[in-house]
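S.K.: give me a model of this one.
(2 chains, ligands or ions: 1)
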Amino acid sequence: MSEADLLYTEIEEELRASVRALLADRCPAESVLARVETDEVADLELAKELAGLGATGLPVPEELGGAGASWREASVVAEELGRAAAPVPFLGGAVLSAAALLEAGGAGGEVLSGIADGTSIAALAVPLGTPPGAGYPSAVRAEGGLLTGAVPGVVDALAADVLLVPAAGPDGPALYRVEAADAARTAVVSLDLTRPLADLALDGAPGTLLASGADAERALRTALSTGAALLAAEQLGVAEWALSTTVDYLKTRTQFGRPVGSFQALKHRLADLWVSVSQARAVVRAAASTAGTGGAEAELNASLAQAFVSGVAVKAAEEAVQLHGGIGFTWEHPAHLYLKRAKSDAIALGTADRHRLALAALVDLAPA
Amino acid sequence: MTTVTDGAALDAAELRRRVAGFVAEHDPAATPQQEFLAARFDAGLAWVHFPEGAGGLGAPRSLQPVVDEEFERLGAAPTGREGLVIGLGMAAPTILAFGTPEQRERFLKPLYTGEEVWCQLFSEPGAGSDLAALGTRAVPDGDSWVVNGQKVWTSLAHEARWGILVTRTDPDVPKHKGMTYFICDMHAEGVEVRPLRQITGEAEFNEVYLTDVRIPDAHRLGAAGEGWKVAQTTLMNERVAIGGHADPREGGLIGVVADIWRDRPELRTPGSHDALLRLWVEAEAARLTKERLRQQLAIGQPGPEGSAAKYAFSRLNQEISGLEVELLGQEGLTYDDWTFRRPEGVNFTKRGAGFHYLRSKGNSIEGGTTEILRNIIAERILGLPGEIRVDKDVAWKDLPK
Ligand SMILES: Cc1cc2nc3c(=O)[nH]c(=O)nc-3n(C[C@H](O)[C@H](O)[C@H](O)COP(=O)(O)OP(=O)(O)OC[C@H]3O[C@@H](n4cnc5c(N)ncnc54)[C@H](O)[C@@H]3O)c2cc1C
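M.R.: Predicted structure coming up:
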């Protein structure tokens, strides 16, 4: 096992700078706070601009209109989106759906092109809380190309025009493409204000078969593990926002005649958090490097990332709230957006505990 | 590709070629290790980022791992070097940064080959975390200095030929200003080493009494009064202690415990499974962080980030060894050996669980306590305001002791 490059390349740093500049301009905290009170939480204009930067098609091959790069670069985009708590349908489309389609191959190419150029938003029709190693879903059944069933809590489904639906077909597992307009989508009141979820109901919706049998299973499995790796990058961004915002605040907030950041009790807490965040970065880079390659190493790194970074992001967001004092408890301060994102992300694609169990199987540490 | 020697650019391929050529000429199986290493030093393949003549080639630091890996691949990696950590990890970079050409010439090669062991004469009974409070006095006398004082917790002083020593040379200025750094001959008259038994039963460390010890001025490192600056270089390197190559997954104590888990199903309980997996995740995260730091270091000098790596590992070692003792249950009630011995170095993995548990308690004290490392992270990395200081502008002699 040779070690992956855990640093950022110059190209990745340039990509980060352009995404960060776009988000600073189009997605400042005030506008996110305002947007979450409207019916249109997902910012589709911003999503288009991200696609314009090439940020949604990084792992998509060039012949399909993507950048022909890898999940490493996409992971840098996810970090920045986390740092901004950006309400864009990236996870459901550019990550989960793209990963499933890249693995499934064939008829999904058209959707991949749409994801890359921003003309299409896709969602993968699984509950966002689906843990690693869950059996292939059978909540939706396919008969004669018509799909019927219900899937709760699907990320980015409201914004999507295309749904990728894992279903139990006549010959076992199958992955279908369904037009979003053919499904009933009901908005869920989500804990994460910046990440809309929807319950899906399909009642004889027409589907196009993308993959079946072992191919469909592999596509879903790869999508979930790639999603776990990229979600960890987003969680890293959340943690970095929380840490740096808190450090900045404690340098200026004065009580007892001195900056509160000069009190050792707080310095040590922030030092601990910094250590955790820097560890999270190494773990996220490792996961990004193997994401999408299939196989045990990719799954191990993805589960490691979820098992480790979930807790770091939640801790960072919780510390941000506490160390801001009263202002940190208000609706007007953005800290709560990150707390809600962090806690939801910790459940999304499986809790840390579920990922530890997945790891136990991968590294031969059987339960008692 | 910076330096050009013998017409060939010094890149990874060229270095691999040189290592292969070197090993072909010096059969590692037939050459005694010290001799082999001396030749390796002369060939500039000891630490390639050091200058030519000092065991290096003036190559980028990032190429050292290439050289180490190549020697390892060819079955020619040096062994039994645990007792040399202070020399290799701390004295060498300090001598490189501050030493005169004569000092480099005299000290670096036997340090590298293992012929001469080094120790670190920094801590004193009254100066631990607050190293700058130290009071061991050095007074100039002709072309030498006369040193009096006591050092403590000095690991390997009983094995050492040389010590890196920080002294007080000017008590009338604030404490950070009046210090001077020396290389101390541990065989000189007036150096007395007494073992200190530690909680593991053995004595890795010592008290060192210095009574009218004469140190030639030629063994001063850096200018008189600049001792603090020189000591900073030593301490930064102490906390890094990053090896030439990546640690393998489960390479540390976590591997020991994971293997116990795999081999002995009768010891397993649900609670310890959870604890083991949490620690496995943290150990792997810390390993990757160290690897990332190693990749960063390959491009630059050690910074305060090394402090974080040291802090993380000390905490992990303590938690993992605590789990190991408990997991073993009845066996955890035993201890391998309380004999008052003088080990040559710490060979962690060869000892029992009780030793792991006890020895790792020292990890959060030696080389800067956890509390001090957190201060360093908070102030130097995060830029949080320093403590309100009562000792910065007061002459050392007037400080409360
Ligand atoms: C196994 C081992 C090997 C060692 N080897 C060597 C060696 O080879 N050479 C050498 O010179 N030294 C060596 N040391 C000494 C080591 O560097 C010191 O013990 C260490 O720096 C702490 O100093 P102290 O023991 O005086 O504790 P103190 O500094 O008195 O600390 C007591 C407690 O107070 C805390 N504390 C102190 N200052 C602060 C602060 N500002 N904020 C918050 N908390 C604080 C400390 O963290 C600690 O918990 C070794 C120690 C050990 C355990």
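S.K.: all helices of the chain, in order?
M.R.: As the question left the chain open, I've gone with chain A. With DSSP state H as the criterion, chain A has helices at A:10-26, A:29-35, A:44-52, A:71-83, A:98-104, A:109-117, A:214-252, A:264-290, A:295-323, A:335-347, A:352-362.
S.K.: I was after chain B.
M.R.: Under the criterion DSSP H, helices of chain B are mapped to B:12-25, B:33-42, B:64-73, B:85, B:92-98, B:101-113, B:227-240, B:253-263, B:270-297, B:305-327, B:353-359, B:370-376.
S.K.: could you list the low-pLDDT ranges of the stretch 201-350 of chain B?
M.R.: Low-confidence segments of the stretch 201-350 of chain B (pLDDT under 70): B:238-246, B:299-303, B:344-347.
S.K.: how about the residues of it by the ligand?
M.R.: Residues of the stretch 201-350 of chain B found near the ligand, taking CB under 6 Å from any ligand atom as the criterion, are B:F205. In short, each C-beta sits where N, CA and C put it, glycine included.
S.K.: 8 Å instead?
M.R.: Among all residues of the stretch 201-350 of chain B, those adjacent to the ligand (criterion: CB under 8 Å from any ligand atom) are B:204-205.
S.K.: ok and the residue in the stretch 201-350 of chain B nearest the ligand?
M.R.: Checking the stretch 201-350 of chain B residue by residue against the ligand with CB to the nearest ligand atom singles out B:F205 as nearest, at 5.0 Å.
S.K.: give me the neighbour count for that residue.
M.R.: The burial metric for B:F205, expressed as a neighbour count using other CB atoms under 10 Å in any protein chain shown, is 21.
S.K.: who's in contact with it?
M.R.: Residues near B:F205 by CB atoms under 8 Å, 6 or more residues apart in numbering or on different chains: B:153-157, B:195-196, B:198.
S.K.: give me the buried entries from those residues.
M.R.: B:153-157, B:195, B:198 (16 or more other CB atoms under 10 Å in any protein chain shown).
S.K.: okay if I get those residues as JSON lines plus pLDDT?
M.R.: What follows is the buried ones among the contacts of B:F205, written out as JSON lines (pLDDT from 0 to 100):
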{"residue": "B:W153", "pLDDT": "96"}
{"residue": "B:T154", "pLDDT": "96"}
{"residue": "B:S155", "pLDDT": "94"}
{"residue": "B:L156", "pLDDT": "92"}
{"residue": "B:A157", "pLDDT": "96"}
{"residue": "B:P195", "pLDDT": "96"}
{"residue": "B:Q198", "pLDDT": "95"}
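S.K.: list just the nearest of the residues you listed to B:A378.
M.R.: Checking the buried ones among the contacts of B:F205 against B:A378 by CB to CB gives B:W153 as the nearest, at 25.3 Å.
S.K.: what sits against the closest one?
M.R.: When contacts are counted by CB under 8 Å, 6+ apart, B:W153 touches B:123, B:128, B:196, B:205, B:366.
S.K.: just grab the bridge partners of the residue of the stretch 201-350 of chain B closest to the ligand for me.
M.R.: According to DSSP bridges, the partner residues bridging B:F205 are B:S155, B:L196.
S.K.: tell me how chain A divides into domains.
M.R.: A:10-120, A:124-216, A:218-362 (automatic domain parsing).
S.K.: nearest to the ligand, of those?
M.R.: Between the ligand and these, the shortest separation by CB to the nearest ligand atom is 6.1 Å, and it involves domain A:218-362.
S.K.: ends of the closest one, what's the gap?
M.R.: From the first residue to the last, domain A:218-362 extends over 17 Å; the measure is CA to CA, to the nearest Å.
S.K.: coming back round to it: just the contacts of B:F205 now: which is nearest chain A?
M.R.: When those are compared for distance to chain A (CB to the nearest CB), B:W153 wins out at 23.8 Å.
S.K.: rewinding a little: and A:L112, which of the helices of chain B is closest to it?
M.R.: Proximity to A:L112, assessed across the helices of chain B by CB to CB, is greatest for helix B:270-297 (30.8 Å).
S.K.: show me the contacts for the residue nearest the centre of chain A.
M.R.: Among the residues of chain A, the smallest C-alpha distance to the mean C-alpha position (CA atoms, centre = their mean) belongs to A:L231, namely 3.6 Å. Taking CB under 8 Å, 6+ apart as the criterion, A:L231 is in contact with A:78, A:91, A:95, A:306, A:345, A:348-349.
S.K.: any quick ChimeraX command for the buried ones out of the residues you listed?
M.R.: Per 16+ other CB under 10 Å, the buried members of the contacts of A:L231 correspond to this ChimeraX selection:
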select /A:78,91,95,306,345,348,349
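S.K.: taking the stretch 1-150 of chain B, what residue is nearest to the ligand?
M.R.: Here the stretch 1-150 of chain B gets closest to the ligand at one residue, B:G128, 1.8 Å apart by CB to the nearest ligand atom.
S.K.: distance of that residue relative to B:I372?
M.R.: Taking CB to CB, to the nearest Å as the measure, B:G128 and B:I372 are separated by 9 Å.
S.K.: try A:A214
M.R.: Taken as CB to CB, the span from A:A214 to B:I372 is 56 Å.
S.K.: who has more neighbours, those two?
M.R.: B:I372 (17 against 10).
S.K.: let me see the domain layout of chain B.
M.R.: According to automatic domain parsing, the domains of chain B span B:1-79, B:118-239, B:242-367.
S.K.: can you get me the centre-to-centre distance for the first one and its chain?
M.R.: The gap between where domain B:1-79 is centred and where its chain is centred comes out at 22 Å by CA atoms, centre = their mean, to the nearest Å.
S.K.: what does the stretch 251-368 of chain A put close to chain B?
M.R.: Proximity of the stretch 251-368 of chain A to chain B (CB under 8 Å from any CB of the partner chain) is limited to residues A:251, A:258-259, A:261-262, A:264, A:266-268, A:270-272, A:274-275, A:278-283, A:285-286, A:304, A:307-308, A:356-357, A:359-360, A:363-368.
S.K.: can you say which of the domains of chain B is nearest to B:A395?
M.R.: With CB to CB as the measure, domain B:118-239 is the member of the domains of chain B nearest B:A395 (5.3 Å).
S.K.: pretty sure A:P173 contacts A:A219?
M.R.: No - with the criterion set as CB atoms under 8 Å, A:P173 and A:A219 do not qualify as a contacting pair; they are 9.3 Å apart.
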